[in-house]
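> Return a 3D structure for these sequence lines:
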Amino acid sequence: MSSPVRLPVELLRVRELETLLSDLDADALRWVSGFVAGLSAERSRQAGSGVASAAPVAPPAGTDRIAVLYASQTGNSRRIAEKLGHALTAAGLNAAVMAAGDYALKQLADEKFLCVVASTHGDGEPPDDARALLDALSGRRAPKLGQLGYVVLGLGDSSYPKFCETGRVFDRRLEELGARRLLERLDCDVDFESKAHAWIQQSVEALVGASGATAVSRSAPVIAGQAAEAVAFVATRDAPLEVEVAVNQRITASASEKDVRHVELLVPEGRFPYQAGDALGVWLDNPADLIEATLVATGLDGAETVNVDGVNRSLRDWLTRHREITRVARALIERLAALSGDDGLAALLKPDASAHLRAQFNVWQVPDLLRRYSVQWTGERLVRALHPLSPRLYSIASAPEEVGDEIHLTVAVVDDVHDGLRHLGAVSSQMQAFEPGARFLAFVESNTRFRLPADPSNDVIMIGPGTGVAPFRGFLQSRSASGAAGRNWLFFGGRHLDSDFLYQTEWLSALKKHALTHLDVAFSRDTAEKVYVQHRLRERGAQIYQWLEAGAHVYVCGDAERMAPDVHAALLDIVATEGGRSPQDAEAYIASLASQRRYLRDVY
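Predicted coordinates:
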């Protein structure tokens, strides 16, 4: 006779727990799940029993390794890949999760199974970490892959013309090289959570079937880059924790067209571990003014109960904390075009109008469209046409070596009027008014792609106009605290010297103390001809090339659509001119820097 199953929690306690949780919705339950998982890890650490680490685990008998690669720009692909890795291992498979930038093409010839989770950045651009692997896959030396079974998930934003292009390229090229597709590629928009969860389950089933695995292992997968030590409960995207505002100071002059804030936050000890280069994710409800504008434009009652996929909430609650209203989804345009019959709106959805549509996405907020195109809405139809609310990510402008249990941010406030309707940043417009003592939910988004050199003697060149300078304040604090021997060079740009020179006093002090070796600035509105950071780069081309040849690392942070391409072009020109190289050889030189992680970009 078999022994009775012994529960880790007595049945009476389980029922008490069910009662406590009975009124919570799916979002709240996810938070509780993350909270309890964190407590479990913390108590295991305190008890000395240990928790799963990234030390290599013995593969289940008779199973081949499954390589799980992620190409991530903001961390979404990484999170999905890690969840897939855990699910594969729990199913008895030997999963190894790693960044695409850490994977060598020659390994593919020996792989039996490959999973790719790839984001697309901007208009069809791959994340910087994936460029070298994609180039190698596309080259003539790419191996034949008849032995390989694979699955691909693409992440993207349908407001861009080349939606999920990176995933498509991986999928197409793997097939061309003879690999067999185990599951049809899935392309996900910004509301990817539920689709990605289903894809993970389907991928596990497909890979279990293809591998013939029967054993079940509960060990943790090998996840490259994780510390091999117990991890205390820390704030995460699914289980954020409260932070407290200590300082909220405007750092642009009153005459400036922009209100930029320096915000200092007090964080619970040990719960927000970060390094210079990481980001802080901020969860806030939508601005009340935009919620009211949305309800007025649709004529809907905020108290109305709306059921979407089995979840009941008031419409006001959906609009307050569960749906985007400061960002427009393609689904909303499609629904408006269908309901209104407007030819102009329908024309925007055609492939040849994609660039114009993208420009409009940068201007419109949800109430703009609802007011402009008057159609009959229901609460459910409206909620389904909007994307789920996402946290806003801000580059951290501090280093823990300098500020301890604090996190500093540089926040540009969005609060203006467009066509008679107020436009507000989902987070920035509210953070503008936060007084010391105000609290909100947040978490650290690790950015392993944007790290200082491992060798502190390496020089660094930092290019960050506007709020793109934020991570470089953290870089300089970290380098100064550690006594790094390498030189530091900052390029900063703004509109006006007198009103927009962010952290001017700190940079000048760092120059005086020789913590900053060079400081080059460009203020575009102070001269008849506009001057930007890329112009300063070209002016200093000879010296920049000398630094590059001596091993310098280059970092770029800020606008992805204009600044980053212009800076990239300037660097190519410098390498071609100062190094006497052809345009093709200059491209190869810069690509080599990227593959060595000496040319890193955090652009958005």
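
> quick one, domains of the protein?
11-46, 65-223, 241-285+391-445, 288-384, 460-603 (automatic domain parsing).

> for these, which one ends up most surrounded?
Scoring the domains of the chain by mean neighbour count under mean count of other CB atoms under 10 Å gives domain 65-223 as the most buried, with a mean of 20. Backbone N, C-alpha and C define where each C-beta goes, glycine included.

> average pLDDT across that one?
What domain 65-223 shows for mean pLDDT is 89.

> for stretch 403-420, same thing?
Averaging pLDDT along stretch 403-420 yields 94.

> Identify the residues contacting stretch 352-359?
Applying CB atoms under 8 Å, 6 or more residues apart in numbering, the set of residues contacting stretch 352-359 from outside is D123, S159, Y160, P161, I333, A347, L348, L349.

> Alpha carbons of it, in CSV - could you do that?
Extracted in CSV, the C-alpha atoms of stretch 352-359 (Å, rounded to 0.1, in the frame of the first residue of the first chain):
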residue,chain,number,x,y,z
ASP,A,352,3.0,51.9,-48.3
ALA,A,353,1.8,54.3,-45.6
SER,A,354,3.7,52.6,-42.7
ALA,A,355,6.2,55.5,-42.2
HIS,A,356,3.4,58.0,-42.0
LEU,A,357,1.5,55.8,-39.5
ARG,A,358,4.6,55.5,-37.4
ALA,A,359,4.9,59.2,-37.3
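
> can you tell me which of the domains of the chain comes nearest to V234?
Nearest to V234, of all the domains of the chain, is domain 241-285+391-445, at 5.3 Å by CB to CB.

> hmm, back to that, among the contacts of stretch 352-359, which one lies nearest to F113?
The closest of the contacts of stretch 352-359 to F113 turns out to be Y160 (CB to CB; 30.4 Å).

> so the closest one touches G122, yeah?
Yes: with contact taken as CB atoms under 8 Å, Y160 and G122 are classed as touching, separated by 6.7 Å.

> Just want the most central residue of the chain.
For the chain, T74 is the residue whose C-alpha lies nearest the centre (CA atoms, centre = their mean; 1.6 Å).

> mind checking how far that residue is from D602?
From T74 across to D602, the span is 9 Å (CB to CB, to the nearest Å).

> do A484 as well
20 Å.

> And for G541?
Remark: distance between G541 and D602 (CB to CB) = 23 Å.

> Next up, phi/psi of R313, please.
Here the main-chain torsion angles of R313 (degrees, to the nearest 10) amount to phi -150, psi 160.

> So what's the predicted local confidence for it?
We note a pLDDT of 97 for R313 in this prediction.

> tell me how far stretch 136-145 is from the chain's mean position?
29 Å (CA atoms, centre = their mean, to the nearest Å).

> Span of that stretch from start to end?
With CA to CA, to the nearest Å as the measure, stretch 136-145 spans 14 Å from end to end.

> which residues touch that stretch?
With contact meaning CB under 8 Å, 6+ apart, stretch 136-145 is reached by L105, K106, L108, A109, V169, F170, R173, L174, L177, G178, A179.

> For those residues, could you give me CSV that also reports secondary structure?
Output for those, formatted as CSV (DSSP: H, G, I helix; E, B strand; the rest coil):
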residue, secondary structure
L105, helix
K106, helix
L108, helix
A109, helix
V169, helix
F170, helix
R173, helix
L174, helix
L177, coil
G178, coil
A179, coil
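
> which among the residues you listed gets closest to T320?
Relative to T320, the closest of the contacts of stretch 136-145 is F170; by CB to CB it sits at 37.9 Å.

> which residues of the stretch 401-550 of the chain fall in strands?
According to DSSP state E, counting those that start in this stretch, the stretch 401-550 of the chain carries its strands in the segments 406-412, 415-418, 421-424, 439-445, 460-463, 488-494, 518-523.

> so what secondary structure elements neighbour the biggest strand by length in the chain?
When every strand of the chain is counted residue by residue (DSSP state E), the longest turns out to be strand 241-250. Using 3 or more CB pairs under 8 Å, 6 or more residues apart in numbering; DSSP states H and E as the contact criterion, the neighbours of strand 241-250 among helices and strands are strand 260-266, strand 439-445.

> try it again with 10 Å
Contact analysis of strand 241-250 by 3 or more CB pairs under 10 Å, 6 or more residues apart in numbering; DSSP states H and E lists strand 260-266, strand 406-412, strand 439-445 as its packing neighbours.

> Pull up the pairing partners for the first one, direction included.
Looking at strand 260-266 with DSSP bridges, its paired strands and their directions are strand 241-250 (antiparallel), strand 406-412 (antiparallel).

> That one relative to strand 439-445, how many degrees between them?
Following axes from the mean of the first three to the mean of the last three CA atoms, to 10 degrees, one obtains 90 degrees for the angle between strand 260-266 and strand 439-445.

> next one: strand 260-266 to chain centre, how far?
With CA atoms, centre = their mean, you get 21 Å for strand 260-266.

> for the helix or strand following that strand, packing partners?
In the C-terminal direction, the helix or strand that comes right after strand 260-266 (DSSP states H and E) is strand 279-283. Contact here means 3+ CB pairs under 10 Å, 6+ apart; on that basis strand 279-283 packs against strand 260-266, strand 392-395, strand 406-412, helix 428-431, strand 439-445.

> what packs against the last one?
By that I understand strand 439-445. Strand 439-445 packs on helix 76-90, strand 241-250, strand 260-266, strand 279-283, strand 392-395, strand 406-412, going by 3+ CB pairs under 10 Å, 6+ apart.

> Could you give the average pLDDT over that strand?
Per-residue confidence for strand 439-445 averages out to 97 on the pLDDT scale.

> Each with direction, which strands does that strand pair with?
Sheet pairing for strand 439-445, assigned by DSSP bridges, gives strand 241-250 (antiparallel), strand 279-283 (antiparallel).

> among those, which is nearest R271?
The stretch from the strands paired with strand 439-445 with the least distance to R271 (CB to CB) is strand 241-250; that distance is 5.5 Å.

> Could you measure from A510 over to F475?
As defined by CB to CB, A510 lies at a distance of 11 Å from F475.

> Find residues that contact each of these two.
For the pair A510 and F475, residues contacting each of them under the criterion CB atoms under 10 Å, 6 or more residues apart in numbering are N488, L490.

> Please verify my assumption that P456 contacts R487.
No: using CB atoms under 10 Å, P456 makes no contact with R487, being 11.2 Å away.

> Are there residues contacting both of these two? Which ones?
Residues within reach of P456 and of R487 at once, by CB under 10 Å, 6+ apart, are R479.

> So which of the strands of the stretch 401-550 of the chain is nearest L284?
Ranking the strands of the stretch 401-550 of the chain by their distance to L284 (criterion: CB to CB) puts strand 439-445 first, at 5.8 Å.

> dump the residue contacts of D64.
The contact partners of D64, by CB under 10 Å, 6+ apart, come to 93-94, 110-113, 147, 149, 207, 210-213.

> Ok, I291 next?
For I291, the contact set (CB under 10 Å, 6+ apart) comprises D285, G302, L315, R316, W318, L319, T320, R323, I325, V366, P367.

> Closest to A397 out of those residues?
Using CB to CB, D285 comes nearest to A397 of the contacts of I291, at 24.3 Å.
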